[in-house]
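Chemist: A structural model of the following input is requested.
(one chain, ligands or ions: 1)
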Amino acid sequence: MDIEECKPEQIQEIFGLADRLCQNREQPLLQGKTFVLLFPETSLRTRVSFVKGIRDLRGECICMSPEALNKREHLADVIGYMENWADAAIIRHPDLNKLRELSRYASIPVINAMTSENHPCEIMSDLYAISRRRPDYKDLVYTFVGPGSNISRTWMSMAKRMNLNFHHVCTEGNALGPETANYTFHTRLEGILQDSDILLTDSLPEEFRTAEYIGKYQLNLQRMRTAKPGALLNPCPPFFRGEEVAADVIDTDYFVGYEFKKGLLYVQQAIMLYCLYHSKHAAT
Ligand SMILES: NC(=O)NCCC[C@H](N)C(=O)O
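Modeler: Next comes the predicted model:
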């Protein structure tokens with residue numbers, strides 16, 4: 001439901017499981033398991049990788065719209081009936097409280113596939129990809145450029161749980177919270193880039209798509225060249241050329257966007273297996 005609920009050892013265990021799933025892809029580990037997926041039509045990557053991830057392990061998917069949760073019916077009843085047919089639910093819905101409530105009543109795992117508040121599967125997968133490319137990932141400097149969003153907040157939670165050095169750069173008044181040992185806020189990109197190893201962004205809300213903001217904070221090739229040697233640019237999709245990132249940097253080796261998402265399939269498979277067999281909901 002939330003990265004802050006995970007212990008670092010659990011995150012490591014999921015990473016190890018993802019490695020094994022990636023090395024041995026044809027195991028019927030989800031045979032006989034049925035997943036109910038509630039995703040909006042517009043979801044591309046997360047939905048496709050969950051559905052493929054389930055099918056590759058021989059599980060079954062039932063795909064529905066998250067609007068099925070926007071009813072008068074008590075969520076205890078919704079999940080009470082669903083449990084007759086589903087072994088887990090995977091849900092993308094704006095309201096994290098709705099997911100939490102559903103999970104409280106559920107005796108099956110409820111997996112958060114993004115809310116307006118957070119996106120734990122995505123950030124776990126991104127950190128997995130970084131860790132496999134940079135074994136020194138715990139010592140790197142992570143810099144998120146942009147206003148508060150589900151993605152930036154989840155990176156902050158990940159930094160807290162995994163004790164990472166996380167910088168946040170945006171205009172005055174947009175800090176995600178007070179500074180901590182793992183979180184510092186800056187308004188100038190220039191001073192921070194030369195210390196940064198991993199550059200992170202999310203798509204800009206409309207009010208930030210101004211020439212002034214973009215001129216000051218857009219990650220372009222010239223700016224990436226001032227980052228630490230070997231720095232990587234991982235914009236959260238959907239990203240927009242000419243907005244939070246410039247087109248010129250997407251065609252360089254700095255950009256790891258597509259490649260990093262390969263791991264999404266295995267990390268999400270690992271999360272499903274972990275939730276089915278290790279969590280408080282574990283089947284006996
Ligand atoms: N790859 C994804 O799952 N996309 C994340 C989209 C994040 C963006 N802040 C959003 O809420 O739409």
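
Chemist: Compute the distance between the residue most central in space within the chain and residue 136, please.
Modeler: Of all residues in the chain, the one closest to the mean position by Cα atoms, centre = their mean is residue 122, 1.9 Å from it. Computed as Cβ to Cβ, to the nearest Å, the residue 122 to residue 136 distance reads 22 Å. C-betas here are computed from N, CA, C, even on glycine.

Chemist: Can you name the residues that contact the closest residue in space to residue 91 that isn't next to it in sequence?
Modeler: Among residues not flanking residue 91 along the chain, residue 38 sits closest, at 4.5 Å (Cβ to Cβ, 6 or more residues apart in numbering). Contacts here follow Cβ atoms under 8 Å, 6 or more residues apart in numbering; on that basis residue 38 touches 64-66, 68-69, 89-93.

Chemist: Please enumerate the helices of the stretch 1-150 of the chain.
Modeler: Along the stretch 1-150 of the chain, counting by DSSP state H, counting those that start in this stretch, helices occupy 8-23, 45-56, 75-82, 96-105, 120-133, 150-162.

Chemist: Please apply the same query to the stretch 151-284 of the chain.
Modeler: 190-193, 211-217, 221-224, 247-250, 257-260, 262-277.

Chemist: Reformat those helices as TSV; add mean pLDDT, distance to residue 112 and mean neighbour count.
Modeler: Below are the helices of the stretch 151-284 of the chain laid out as TSV (pLDDT from 0 to 100; distance: least, Cβ to Cβ, whole Å; neighbours: other Cβ atoms under 10 Å):
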stretch	mean pLDDT	distance to residue 112	mean neighbour count
helix 190-193	94	30	16
helix 211-217	98	29	14
helix 221-224	98	32	17
helix 247-250	98	29	16
helix 257-260	96	20	14
helix 262-277	97	10	22
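
Chemist: out of those, nearest to the ligand?
Modeler: Among the helices of the stretch 151-284 of the chain, helix 262-277 comes nearest to the ligand, with 8.2 Å by Cβ to the nearest ligand atom.

Chemist: Which strands or helices does that closest one pack on?
Modeler: Helices and strands touching helix 262-277, as assessed by 3 or more Cβ pairs under 8 Å, 6 or more residues apart in numbering; DSSP states H and E, comprise helix 8-23, helix 45-56, strand 88-91, strand 110-112, helix 120-133.

Chemist: Mean neighbour count, the ones you listed: which tops it?
Modeler: Comparing the helices and strands packed on helix 262-277 by mean neighbour count (mean count of other Cβ atoms under 10 Å), strand 88-91 ranks first with a mean of 25.

Chemist: if we can go back for a sec, make JSON lines out of the helices of the stretch 1-150 of the chain and add mean pLDDT.
Modeler: Shown next, in JSON lines, are the helices of the stretch 1-150 of the chain (pLDDT from 0 to 100):
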{"stretch": "helix 8-23", "mean pLDDT": "97"}
{"stretch": "helix 45-56", "mean pLDDT": "97"}
{"stretch": "helix 75-82", "mean pLDDT": "96"}
{"stretch": "helix 96-105", "mean pLDDT": "97"}
{"stretch": "helix 120-133", "mean pLDDT": "98"}
{"stretch": "helix 150-162", "mean pLDDT": "98"}
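
Chemist: possible to save those as CSV with distance to residue 31?
Modeler: Below are the helices of the stretch 1-150 of the chain laid out as CSV (distance: least, Cβ to Cβ, whole Å):
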stretch, distance to residue 31
helix 8-23, 15
helix 45-56, 11
helix 75-82, 20
helix 96-105, 25
helix 120-133, 22
helix 150-162, 32
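
Chemist: Would you format these as CSV with distance to the ligand included?
Modeler: CSV is the format used below for the helices of the stretch 1-150 of the chain (distance: least, Cβ to the nearest ligand atom, whole Å):
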stretch, distance to the ligand
helix 8-23, 17
helix 45-56, 4
helix 75-82, 22
helix 96-105, 12
helix 120-133, 5
helix 150-162, 5
